[in-house]
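*Asks:* for reference, the sequence and a predicted model appear below.
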Amino acid sequence: MRKVLWVGLLWAQGPLWQVSVPRNAHIELGEDGNLLVMSGKEGVWALSGETGQVLWRCSACDRVPAESWRPLGPSPLWEGGTLSPPSQTESATGSFQNLQAALQPYLILNPYTGRIVYDADQMRRRMNRTTGRTVVPAARAVVLFGEGPKDPSKTLSMQVSRLMAVDALSGDVLWEQLAGDEPVENLYSNLAVHENTVYYLTQRALYAVDARTGQKRWRQPFVKRFNLRPMTGTYVFIDEERNLVCAYGRGRLIAVRQDSGEPAWEKPIPLSRDNVLLAFSTAQGLLLFTDDLPLGSTQRPTGNALLTPPLAFLLDYETGQNRWGERLKTPGLLAGYIPLSEDRIFLLFQRERAFTSGRNLPDDWAVEVDVLDLKAGRFLFKRPKRLIGTPLAAQNVPGGLLVQTTRRIQYLSEEGEVLWEKPLKRRMNLPFAVRSEGSLFQAYIVDETGQVYRWDGPGTTPQPIGQPLKLLLSDPAQGIAWEKGRLWIWNGSSLWGLNEQGQVVCSFERPAPAFSPLIRFVGGALSLAGYAASTYLTFKAIQTVAPDPQSGDRPSLAISLKKTLTATGYAFGAVASAFMAEMTWEKIVQRRTQRMGTYENLHFSLGMEDNKNVAAYLFDKSRCELRFKKVLGPLRLSATSDIEVDPFAERLYLLSEGQVEAYSFAP
């Protein structure tokens, strides 16, 4: 009785504080526990998470749209706006667009003080284009690179690559200099960081520079004579354990000692392709995957070039020699990978390039997979396995490999043979969960009907356990995990805790936010009407532009009109369908659920409290009880724009109808 009274009082409590903000604003929880309010024309400001008072206000941030602000990597800094593309990428048709992009605002903001650390507009005289940046926490600095005048003091000066560093707290310029020592030496790579040193590659040399002072630590020439090969596919990466800095470009790969810059290998390693798709360290050596572009080519491949297989090879850290003897032909372009162990990698390949197809790739784009054995230098499957659906997860399991895509789950042998598979009739984005405790092995999966299956290892097949979770039919599962003796399954509105027999021992169930059947019907009817209208107008346009096309004609204008009108019809239908798709709520739940993953006992969800009202919930998995509930009102697409949860301060922040409210869910 006391627990029921306590929960009732918790639900009935008023907000800790309320603050009015513009209706177009959105909020983000900062690492310091305060709220960042971003509102475009109103700028950016911070609210105290404890009192709601304004801590600082950045009125100069009004030049950047609210939706453009994003965290700057793993650092506490935020950036907004657009970086400029390098001028070297401009073409006859793209110069004007790149010039416009070069003039777009770009800001770096310190959310603790509200100070603008870097403003591309104010630095335009020193750096016309800001093309890249990196944060160096050890040096408390942000290093930026781009293009600017060789001599900023002159009215007219040659445009060259420049580097600049600013203090991450105050924004003061620490140093600025040319990227290279030679008269025309441009930066063509990323900025790699280790401790307080920045490494980068020009077309002539590899550099190491102190991020705080700008002092050059060393310079290692990359080419010693004139070289016409283009700087395509350049990259610099660091192997901290082996004290190596590796860089590739212009058809060669070099490795130098991180502290001195001295070459680690006798001579650079030639690359058969200009582009390297991926290079990373393994226990066996340095693994590289090349592109299938012909030598010296920066354009899309045509003709026989499409038949040129990409290559893979493993380099010895000490000598730079290929440990496999010869370079390994791969089934296609490397599209992704999943590490299985120190010696094996699950690789995904695509047969063709995305930009050669002339259309957008579907969600379930076909890929081929294989397992690469690093020690043996060979692929384990007898032939590459073609997957159906988008890959979600792969894991080494006893006797083979467990692979799940959005369309099916498969248990493969080490040779790639299918030992068992379970097709999914509806697209699923939920990977499997594995329980491995000593000699005990179990894998749990959920199908499109909400039925849970348990697989006990080789020699068995997945068997259904428990009853189907019916709420997963309308709102598919978003996560599954075995934690502390329970199998937890959740979607956007509900949560279930199951034992190994599939019995529900803890649950919190609410229907997913959804509009009434009448609104869904009207939205679907409007969508079909829009599609029918676009189809009718398309045929009329084709008859008008090309009424009697001959076999040699190419009615490009008619085709363009068809695409335009069809896109217009789809857009009209999409607007109508917005009334029956609860994407706004799904995105809110997904963002908050990911953040709440750092606090394992609390689970955040949004669900229907009754037939009309939506509510936000916080459920305590350790106590199997509801910690907090806040009714948000009737379901409307514009009802709630943001919800933030601070599990450490035990506060929930709600932005609704131009009001920010803070609630406590402390016991």
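*Replies:* Right, received. Where do you want to start? Residues are numbered from 1 along each chain as shown.

*Asks:* just for the stretch 51-200 of the chain, where's the confidence low?
*Replies:* Applying pLDDT under 70 to the stretch 51-200 of the chain flags the ranges 86-103, 153-157.

*Asks:* for it, what spans make up the helices?
*Replies:* Along the stretch 51-200 of the chain, counting by DSSP state H, counting those that start in this stretch, helices occupy 95-102.

*Asks:* can you give me the strands in it?
*Replies:* For the stretch 51-200 of the chain, strands defined by DSSP state E, counting those that start in this stretch occupy the ranges 54-58, 70-71, 78-81, 106-109, 116-119, 129-136, 141-149, 159-167, 173-178, 192-194, 197-201.

*Asks:* export those strands as TSV, with columns for distance to Ala335 and mean neighbour count.
*Replies:* Backbone N, C-alpha and C define where each C-beta goes, glycine included. Shown next, in TSV, are the strands of the stretch 51-200 of the chain (distance: least, CB to CB, whole Å; neighbours: other CB atoms under 10 Å):
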stretch	distance to Ala335	mean neighbour count
strand 54-58	40	16
strand 70-71	25	12
strand 78-81	28	22
strand 106-109	31	24
strand 116-119	35	21
strand 129-136	25	22
strand 141-149	29	24
strand 159-167	31	21
strand 173-178	38	16
strand 192-194	24	18
strand 197-201	25	25
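
*Asks:* for those strands, which one sits closest to Val236?
*Replies:* Closest approach to Val236 among the strands of the stretch 51-200 of the chain is made by strand 192-194 (4.4 Å; CB to CB).

*Asks:* tell me, what residue is most central in this structure?
*Replies:* Note on the chain: the residue nearest the mean C-alpha position is Gly73, at 11.3 Å, using CA atoms, centre = their mean.

*Asks:* pretty sure it is touching Arg133, no?
*Replies:* No: using CB atoms under 8 Å, Gly73 is not in contact with Arg133, being 9.1 Å away.

*Asks:* what ranges do the helices span in the protein?
*Replies:* For the chain, the helices defined by DSSP state H occupy 2-12, 95-102, 517-545, 556-577, 583-596.

*Asks:* and the nearest residue to Gly450 once chain neighbours are set aside, what does it touch?
*Replies:* Counting by CB to CB, 6 or more residues apart in numbering, Leu472 is the residue found nearest to Gly450 once chain neighbours are left out, at 3.4 Å. With contact set as CB atoms under 8 Å, 6 or more residues apart in numbering, Leu472 has these partners: 446, 449-450, 489, 491.

*Asks:* picking that back up, closest to Arg242 out of the strands of the stretch 51-200 of the chain?
*Replies:* Here strand 192-194 is closest among these (CB to CB), at 12.3 Å.

*Asks:* who's in contact with the closest one?
*Replies:* 134-136, 143, 198-200, 211, 236-238, 240, 245, 258.

*Asks:* the same query, at a cut-off of 7 Å, please.
*Replies:* Residues outside strand 192-194 that contact it (CB atoms under 7 Å, 6 or more residues apart in numbering) are 134, 136, 199, 236-238, 240, 258.

*Asks:* so how far is Cys624 from the residue nearest to the residue nearest to the centre of the chain when sequence neighbours are not counted?
*Replies:* Nearest residue to Gly73 in three dimensions, chain neighbours excluded: Val135, at 5.8 Å (CB to CB, 6+ apart). Note on Val135: its distance to Cys624, by CB to CB, to the nearest Å, is 42 Å.

*Asks:* swap in Asn186?
*Replies:* As for Asn186, its distance to Cys624 is 61 Å (criterion: CB to CB).

*Asks:* first-to-last residue distance for stretch 209-218?
*Replies:* 7 Å (CA to CA, to the nearest Å).

*Asks:* give me the buried positions along that stretch.
*Replies:* Buried residues in stretch 209-218, defined by neighbour count with 16 or more other CB atoms under 10 Å: 209-212, 214, 218.

*Asks:* next one: stretch 383-396
*Replies:* 384-385, 387, 389-396.

*Asks:* and the residues you listed as CSV, adding distance to Arg126 and pLDDT?
*Replies:* CSV is the format used below for the buried residues of stretch 383-396 (distance: CB to CB, whole Å; pLDDT from 0 to 100):
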residue, distance to Arg126, pLDDT
Pro384, 51, 88
Lys385, 53, 87
Leu387, 50, 83
Gly389, 50, 81
Thr390, 45, 80
Pro391, 46, 83
Leu392, 47, 84
Ala393, 47, 86
Ala394, 48, 88
Gln395, 50, 89
Asn396, 52, 88
